[in-house]
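Asks: Have a look at this prediction, sequence included:
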Amino acid sequence: MDDAFISRDSLTVPPLSRRGFVMTSLMSGLTLATTRVEAQAIRTDAAGIEAGEVKVPAADGPMPAYRAVPEGAGPFPVVLVVEEIFGVHDYIKDICRRLAKAGYCAVAPELYARQGDLSTMTDAQTIVREVISKTPDAQWIADLDAAAAWAVSAAKGDGARLAVMGWCRGGRAAWLYDAHRHDLKAAVAWYGQLGGERTPIQPRTAGDVVTEINAPLLALYGGADAGIPVAMVEEARDRAKAAGKSVELVIYPEAPHGFHADYRPSYRKAAAEDGWNRALAFLKAHGV
């Protein structure tokens, strides 16, 4: 890539050729930036699957990622797994293994590898200020495209059966990527923020694109989420449906933000398990 700015769906990708990746490999263990509740964290083994860290060719070099895929020849349907703000740590890796056990080629690229070393950060507000707010939307969208292409060329993935699934900040990404990718078959957004500040490098919110999504989207939200009012999510669903788009919304009345994150106090087992089962059924119902 040269130093010229590249336009992708009205977003601007900054020049990356001289930046390189701050994180050249994935972190080990769980994020340091939130309280951990080790006893309840789910740990999925790798029996019957191939799982581990990989390097995905990106525009400016090899991007660290985690891949899990069933044993066998494939090809297998592809799920792009989009992290929270905390990086591709053990929770995200475990999600990939869970998806592989269900028959998917799951790939989780470290989308913030250029902006900061998330493995050393101990404060969520610092991550948001120093990393998340400085990551252009067009950059991670291009990185997800690269991960999808790599899954097909090198990881036994079936490009005709492509989905995206994201949590928290990754839930926001699921909405935006659905509006970007015309060949996507399904998207699942776990409590993704719909509002937020618009900036030159993050010019649109998820709420801005609900009428532009391409694939059916399953939206899983908590009724007790202090940062995402239920009325906002319902309004987004209604606008999407009025535009002829398919959005299935499930609200868990007592669940807070992060109810699927089994390593955090926010975890709610019943809602997390129901949401997971719904997500798998949704993917299959839409050809993934």
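Replies: Sure thing, it's come through. Numbers count the residues shown, from 1 in each chain.
Asks: okay but residue 267 is in contact with residue 260, surely?
Replies: Yes: contact status for residue 267 versus residue 260: in contact at 7.3 Å, counting by Cβ atoms under 8 Å. The way it works is simple: take the backbone N, C-alpha and C, and place the C-beta from them, glycine included.
Asks: Could you check which of these two has the larger neighbour count?
Replies: Ranked by neighbour count (other Cβ atoms under 10 Å), residue 267 and residue 260 place residue 260 first, with 27 against 19.
Asks: For that one, which non-adjacent residue is spatially closest?
Replies: Spatial nearest neighbour of residue 260, excluding adjacent residues (Cβ to Cβ, 6 or more residues apart in numbering): residue 272 at 4.5 Å.
Asks: hey, which helix or strand in the chain has the poorest pLDDT?
Replies: Ranking every helix and strand in the chain by mean pLDDT, DSSP states H and E puts strand 6-8 at the bottom, with a mean of 34.
Asks: The closest residue to residue 116 other than its chain neighbours: what's it in contact with?
Replies: Closest residue in space to residue 116, ignoring its immediate chain neighbours: residue 131 at 4.1 Å, by Cβ to Cβ, 6+ apart. Shown in contact with residue 131 (Cβ atoms under 8 Å, 6 or more residues apart in numbering): 85, 112, 115-116, 118, 121.
Asks: ok, so of the residues you listed, who is nearest residue 281?
Replies: For the contacts of residue 131, the closest approach to residue 281 (Cβ to Cβ) belongs to residue 85, at 27.7 Å.
Asks: Pull the contacting residues for residue 178.
Replies: So residue 178 contacts 164, 184, 187, 209, 213-215, 217 (Cβ under 8 Å, 6+ apart).
Asks: Using a markdown table, lay out those residues together with distance to residue 229.
Replies: Below are these laid out as a markdown table (distance: Cβ to Cβ, whole Å):
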| residue | distance to residue 229 |
| --- | --- |
| 164 | 24 |
| 184 | 27 |
| 187 | 21 |
| 209 | 19 |
| 213 | 21 |
| 214 | 26 |
| 215 | 25 |
| 217 | 19 |
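Asks: Most neighbours among those, which one?
Replies: Neighbour counts for the contacts of residue 178, by other Cβ under 10 Å, peak at residue 187, which reaches 34 neighbours.
Asks: Give the helix, strand or coil label for residue 161.
Replies: strand (DSSP: H, G, I helix; E, B strand; the rest coil).
Asks: shaky segments in the stretch 101-250 of the chain?
Replies: The model of the stretch 101-250 of the chain has no residue with pLDDT under 70.
Asks: count of neighbours near the residue lying closest to residue 255 once chain neighbours are set aside?
Replies: Leaving aside its sequence neighbours, residue 255 sits nearest to residue 222 (Cβ to Cβ, 6+ apart; 3.5 Å). For residue 222, the number of neighbouring residues by other Cβ under 10 Å comes to 26.
Asks: OK, contacts around residue 222?
Replies: 191, 228, 251-252, 254-257, 259, 268, 271.
Asks: ok, it to residue 25 distance?
Replies: Separation of residue 222 from residue 25 (Cβ to Cβ, to the nearest Å): 33 Å.
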